[in-house]
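Asker: below are the sequence and a predicted model for it; my questions follow.
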Amino acid sequence: MTFRTFKKYIPLLVFVLLLIACNSDDDNFVQIPDRDRTEQQLADKDSIENYLKGHYYNSSLFETQTNLTIDDIVITEMPVDDDGNYLEIPPDPTNNTRLWDAVEIKTTTYEDAEYEYYILRLNQGGGESPEFSDQVRVVYEGFLEDTGEVFDEVATPIELSMQGIPGIPEAGGVIRGWQLILSEFNTASSFSINNGVVEYNDYGLGMMFIPSGLGYFSSPVPDVPSYSNLIFKFELLQFEVNDHDGDGIPTYIEDLDENLDVLDDDTDEDGLPNYFDLDDDGDEVRTLDELVPNTYTINVGDPEPTLGENEFELSRSESSGVITINTVSLVDSNSNGIYDHLDSEVTINYNEDEDS
Ligand SMILES: [Ca+2]
Ligand SMILES: [Ca+2]
Ligand SMILES: [Ca+2]
Ligand SMILES: [Ca+2]
């Protein structure tokens, strides 16, 4: 089962406010202009597709066995013909498949450019699927498409927040390609602990082929030259729902226009995007107080309560075999189509009795 606690970054809010307050204007160093994204993507697409046509993987293994790891994925260069062109059929085609014949091609718009990216789906995973802004537990290896050089790898599972906060490296954040692709996979269906080692069952396993524009693009990153296409092998093991500002609303729900970008949603236009704003409509009643609270108590082992469509778990605790689950629900009390916490005309505080 997935663990569904809620990460909070309230101490970080202070840093963000400081950053906004001290926004300096001393950028008098020479800036090298970025390359045009659309032009770069044309070159990157060509390069990635050549790689996919020029390599194969050990496909039959993944059709016959379960719980394989990234170490079981073997990528080999295709043989060439007399003219030096890649053959289209790999050696031992019963057991091997050309990557180009196995990947899914996806498209997205990002920073006003159109992108293709590619997924090799080796196991979907039997658990739940994270949202683009959640915290994931993964194992991965990343290497450069053009040299094959490994620039980043973790052999034991680590947790990463897929959504960062600008200016706060500690808050995490991953490249756009990861946000798009990991949210397409599911976590493990279950896990067990044997001799202190966690063993996951039926987790997401695959590879991603990401153009530089959905990777680091022009940014300097150790061992990754600017404009590098990136390839990752990964296992998606678990996830947690992120609520960056701890206002009770999961971060992905604060992506109001559902474009998988939480930085462009700022209802009160105070410079703090909703996912990092404790009072989203700026009406001086905190978002958490503009949501309707509810409490469920169940016994350990009982089925989970079914939450409403706009109801989210805020916290849970367990005592003497009884689980207490606190939730909040979005509400539109004047039925004008705008939830109270986004409607500065409505200032009902649903926690007033408790506070006074
Ligand atoms: Ca958005
Ligand atoms: Ca705001
Ligand atoms: Ca908020
Ligand atoms: Ca309001």
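Answerer: Done, it's in. Ligands and ions are numbered 1, 2, ... in the order given.

Asker: list the contacts of I89.
Answerer: R98 (CB atoms under 8 Å, 6 or more residues apart in numbering). (C-beta placed from N, C-alpha, C; glycine too.)

Asker: actually G206, not the one I wrote
Answerer: I119, L120, R121, L122, N123, I181, F185, K233, F234.

Asker: could you redo the last one with a cut-off of 7 Å?
Answerer: Listed by CB atoms under 7 Å, 6 or more residues apart in numbering, the contact set of G206 reads I119, L120, R121, L122, F185, F234.

Asker: can you redo the residues you listed as JSON lines with pLDDT and neighbour count?
Answerer: Below are those laid out as JSON lines (pLDDT from 0 to 100; neighbours: other CB atoms under 10 Å):
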{"residue": "I119", "pLDDT": "98", "neighbour count": "20"}
{"residue": "L120", "pLDDT": "98", "neighbour count": "22"}
{"residue": "R121", "pLDDT": "98", "neighbour count": "18"}
{"residue": "L122", "pLDDT": "98", "neighbour count": "23"}
{"residue": "F185", "pLDDT": "98", "neighbour count": "26"}
{"residue": "F234", "pLDDT": "98", "neighbour count": "25"}
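
Asker: now, these that are in strands?
Answerer: I119, L120, R121, L122, F234 (DSSP state E).

Asker: tell me which two of those sit farthest apart.
Answerer: R121 and F234 (11.3 Å; CB to CB).

Asker: quick one: the strands in the stretch 201-350 of the chain, in order.
Answerer: 204-210, 230-242, 292-299, 311-319, 322-329 (DSSP state E, counting those that start in this stretch).

Asker: that should have said the stretch 1-150 of the chain, apologies.
Answerer: Counting by DSSP E, counting those that start in this stretch, the strands of the stretch 1-150 of the chain are 6-7, 55-57, 75-77, 97-98, 104-110, 113-123, 135-144, 150-161.

Asker: among these, which is nearest ligand 1?
Answerer: In terms of CB to the ion, the element of the strands of the stretch 1-150 of the chain nearest to ligand 1 is strand 104-110, at 12.5 Å.

Asker: follow-up on the earlier one: kindly indicate which of the contacts of G206 lies nearest R176.
Answerer: Set against R176, the nearest of the contacts of G206 by CB to CB is I119 (14.1 Å).

Asker: what's near enough to touch the residue nearest to that closest one when sequence neighbours are not counted?
Answerer: Leaving aside its chain neighbours, I119 sits nearest to E104 (4.7 Å; criterion: CB to CB, 6 or more residues apart in numbering). Residues in contact with E104 (CB under 7 Å, 6+ apart) are Y118, I119, R121.

Asker: ok, Y350 next?
Answerer: Contacts of Y350 (CB under 7 Å, 6+ apart): D289, E290, L291, V292, P293.

Asker: the same query, at a cut-off of 6 Å, please.
Answerer: Contacts for Y350 (CB atoms under 6 Å, 6 or more residues apart in numbering) come out as V292.

Asker: so which residues make contact with the lengthiest helix in the chain?
Answerer: Counting residues, the longest helix in the chain under DSSP state H turns out to be helix 37-53. With CB under 6 Å, 6+ apart as the test, helix 37-53 has contacts from 86, 99-100, 103, 111, 113, 115-116, 145, 209, 211-213, 229.

Asker: quick one, that helix and strand 104-110 angle?
Answerer: 170 degrees (axes from the mean of the first three to the mean of the last three CA atoms, to 10 degrees).

Asker: next, the angle strand 230-242 makes with helix 37-53.
Answerer: 110 degrees.

Asker: please shift the residue numbers so they start at 801 in all later answers.
Answerer: OK, 801 is where the count begins now, so the last one is helix 837-853.

Asker: centre of the chain versus helix 837-853, how much separation?
Answerer: Its chain's C-alpha centre and that of helix 837-853 lie 23 Å apart, by CA atoms, centre = their mean, to the nearest Å.

Asker: and of the contacts of G1006, the nearest to ligand 3?
Answerer: Of all the contacts of G1006, ligand 3 sits closest to F985, with 27.2 Å by CB to the ion.
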